[in-house]
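# Structure for this input, please:
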Amino acid sequence: MMGRAHALSGVALCLALIAAALLTAVYSVPTSMALFLAAICGGAAVLPDIDHPDATVSQVFGPATWILSKVVNGVSGGHRNGTHSALGCALLAMVAFGATALHTGNPDTAMQGLLCGGVLLVTTLPVLFLVGPTDQRCYKSEWGGLAAVSFMVLLALAAVVASLAFGRIVGTVVLGVLLLLALSALARAMRIPGKWDEAAAAVAAYLAVAPDPYRFHLPAMDLALVPWALTVGAVIHCWGDAITKGGVPWAWPLTQADVGLKWIVTNGPTERRVLVPLFVVAIGCGIAVLVNPAVGFLCGLSLAWLIAQASDGRKKSSGKRKAGGKRPARKPAAKKPATRRRTTARTGGRSR
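Residues are numbered from 1 along each chain as shown. Below you'll find the model as predicted:
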């Protein structure tokens with residue numbers, strides 16, 4: 001699926017889970033926190049495409065995210081490989097939970113990350129049982145896998161050493177970067193008009209992780225559910241790509257077999273005319289449960305208008321590019337009559 005559909009699916013699923021927990025009296029969160037978690041989940045549903053340099057999330061902060069996407073592309077073995085697998089989602093979960101644990105000083109959060117990552121890795125066993133290993137290569141070169149593993153091991157060791165040395169500072173920085181990427185990716189995927197979308201994402205990420213003296217006297221946020229929102233967003237991205245024709249290598253790197261329902265075409269009529277409207281309706285219903293029906297209806301209507309405006313703008317820009325790319329046909333130049341050369345017998349046939 002495309003970035004906008006991924007973002008909408010993340011927001012819709014998060015709101016549905018929070019609304020279901022509220023209606024069944026299982027768990028309750030403040031409305032502002034629920035909307036913040038939904039935005040994080042929607043942005044995280046775009047993050048796995050960081051392995052493609054032309055993806056929406058890779059263009060958020062210009063050269064910085066483009067270089068990051070090139071690094072992730074090389075380490076993960078290309079687009080729809082490492083970041084679209086159970087291992088990729090498990091690594092993101094452990095990083096998110098670990099950073100949150102360092103930031104909040106709660107070791108139980110780190111244990112939740114290990115448990116969540118372990119459950120995700122266990123889900124690869126049915127894929128291996130049904131598909132089995134394949135002979136496809138994850139990397140173009142023979143040394144690609146070894147280089148990728150070595151890079152990840154060195155990065156993990158550096159993270160452990162930095163965590164032991166600086167503790168909460170590392171957790172705050174890593175968590176802030178994840179929130180900034182997720183919120184900025186959500187704004188970019190929704191094609192919000194204006195140039196302040198990344199700035200708003202930066203302010204929101206800062207207010208979420210800033211210490212009390214620098215929060216402008218705002219109440220502190222409960223960040224215990226933030227890593228869950230990031231993990232759920234990454235998983236729902238993989239599920240969304242699994243229903244497309246390409247599928248996803250969920251058991252990567254043990255097998256390169258692409259699995260999934262493989263029902264629809266990416267950016268096809270089903271995605272644009274069926275799934276996206278369903279996501280918009282689900283978001284409106286979720287906000288109606290959490291806030292009130294009038295606000296939910298207005299939010300759904302505004303979201304539909306925003307999507308329609310973005311689609312019209314993209315069609316107009318593509319039409320201008322097509323029209324501007326055609327050069328006017330040149331008229332064939334009139335041929336000049338050939339000039340005859342005068343010859344005489346005296347000059348032996350040479351012209352004067």
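# And for residue 125, the neighbour number?
By other CB atoms under 10 Å, 12 other residues sit near residue 125. Where C-beta positions appear, they are placed from N, C-alpha and C, glycine not excepted.
# Mind telling me what element it is part of?
helix 124-130 (DSSP states H and E).
# Hmm, residue 66 is touching residue 57, no?
No: at 10.4 Å, residue 66 and residue 57 do not qualify as touching, with contact defined as CB atoms under 8 Å.
# The two: which is more packed in?
Taking other CB under 10 Å, residue 66 and residue 57 do not tie; residue 57 has more neighbours (28 against 14).
# Local confidence estimate at that one?
You'll see residue 57 listed with a pLDDT of 87.
# so how far is residue 69 from it?
8 Å (CB to CB, to the nearest Å).
# so what sits against both of those two?
Any residue near both residue 57 and residue 69 by CB atoms under 8 Å, 6 or more residues apart in numbering counts here, and that gives residue 50.
# mind listing what the most centrally placed residue in the chain touches?
Central residue of the chain (CA atoms, centre = their mean): residue 46, 1.8 Å from the mean position. Going by CB under 8 Å, 6+ apart, residue 46 touches 3, 6-7, 10, 55-57, 182, 185-186, 189, 233, 237.
# returning to that earlier point: who touches the helix holding residue 125?
So helix 124-130 is in contact with 85, 86, 87, 250, 251, 254, 255, 257, 259, going by CB under 8 Å, 6+ apart.
# so where's the stretch 151-300 of the chain uncertain?
Applying pLDDT under 70 to the stretch 151-300 of the chain picks out residues 192-197, 213-220.
# at 80 instead, please
Applying pLDDT under 80 to the stretch 151-300 of the chain flags the ranges 190-199, 211-221.
# on that earlier part again, output the contacts of residue 46 as JSON lines; include the columns distance to residue 22.
Listed next are these as JSON lines, based on distance: CB to CB, whole Å:
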{"residue": "3", "distance to residue 22": "29"}
{"residue": "6", "distance to residue 22": "25"}
{"residue": "7", "distance to residue 22": "23"}
{"residue": "10", "distance to residue 22": "19"}
{"residue": "55", "distance to residue 22": "34"}
{"residue": "56", "distance to residue 22": "31"}
{"residue": "57", "distance to residue 22": "30"}
{"residue": "182", "distance to residue 22": "23"}
{"residue": "185", "distance to residue 22": "27"}
{"residue": "186", "distance to residue 22": "22"}
{"residue": "189", "distance to residue 22": "27"}
{"residue": "233", "distance to residue 22": "20"}
{"residue": "237", "distance to residue 22": "25"}
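# What segments of the stretch 101-250 of the chain are helices?
For the stretch 101-250 of the chain, applying DSSP state H, counting those that start in this stretch gives helices covering 107-122, 124-130, 144-166, 168-189, 197-209, 226-242.
# Residue 79: which of those is closest?
Minimum separation from residue 79 across these (CB to CB) falls at helix 226-242, 10.4 Å.
# out of the contacts of residue 46, which one sits closest to residue 264?
For the contacts of residue 46, the closest approach to residue 264 (CB to CB) belongs to residue 6, at 13.4 Å.
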